[in-house]
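>>> heads up, no residue letters with this:
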């Protein structure tokens, strides 16, 4: 019975009016209060991965260092260099390129560039030998 009365009251009641611009509250005091609030940015969370620090071997940060190795098929020194030395150059910040089609007769042959200096080394070379050639 109570439910029937509530349902009837609900059906017969006045529908809610849409608010008009006149019904809206005066927002001027609210705007003034918000203008007084000082917003403080939340503290910045630390980066999950710290920025990499330059390696001591990177003495010339802006100097572009490249080494091209000219190789041939069935060249044990070429394969040994790729296996033993190539990663050392890359770890020291050198760009490494392997060239298989070329006119060099003796392999491995290296063309090295560091900044304005260029050198060609014939035969197996280490990172230390390449660095010495660039001095």
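Thanks, I have the structure now. All values reported here derive from a predicted model rather than from experimental measurement.

>>> could you pull out the strands for the protein?
Taking DSSP state E as the criterion, the chain contains strands spanning 65-70, 95-99, 109-114, 117-122.

>>> Now tell me what touches the shortest one from outside.
Under the criterion CB atoms under 8 Å, 6 or more residues apart in numbering, residues 64-71, 82, 86, 89-90 lie in contact with strand 95-99. Just so you know, the C-beta spots here come from the backbone N, C-alpha and C atoms, and that holds for glycine as well.

>>> okay, those in CSV with distance to residue 96, neighbour count and pLDDT next?
Shown next, in CSV, are these (distance: CB to CB, whole Å; neighbours: other CB atoms under 10 Å; pLDDT from 0 to 100):
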residue, distance to residue 96, neighbour count, pLDDT
64, 13, 11, 85
65, 10, 20, 91
66, 8, 14, 94
67, 6, 23, 94
68, 8, 17, 94
69, 7, 24, 95
70, 12, 22, 95
71, 12, 19, 95
82, 9, 16, 94
86, 6, 16, 94
89, 5, 23, 94
90, 6, 12, 94
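
>>> Mind picking the one among the residues you listed that's closest to residue 115?
The shortest separation between residue 115 and any of those is 7.1 Å, and it belongs to residue 64 (by CB to CB).

>>> Surely that closest one touches residue 117?
No - between residue 64 and residue 117 there is no contact under CB atoms under 8 Å: 11.0 Å.

>>> Find the residue ranges of the chain scoring beneath the pLDDT cut-off.
Within the chain, the stretches falling below the threshold (pLDDT under 70) are 1-62.

>>> picking up where we left off before, looking at the contacts of strand 95-99, spot the one nearest residue 102.
Looking at those and their distance to residue 102, the nearest is residue 70, at 4.6 Å (CB to CB).

>>> hey, what's that closest one bridged with?
The bridge-partner assignment for residue 70, based on DSSP bridges, gives residue 99, residue 109.

>>> what residues are up against it?
Residue 70 is in contact with 99, 102, 104, 107-111, counting by CB under 8 Å, 6+ apart.
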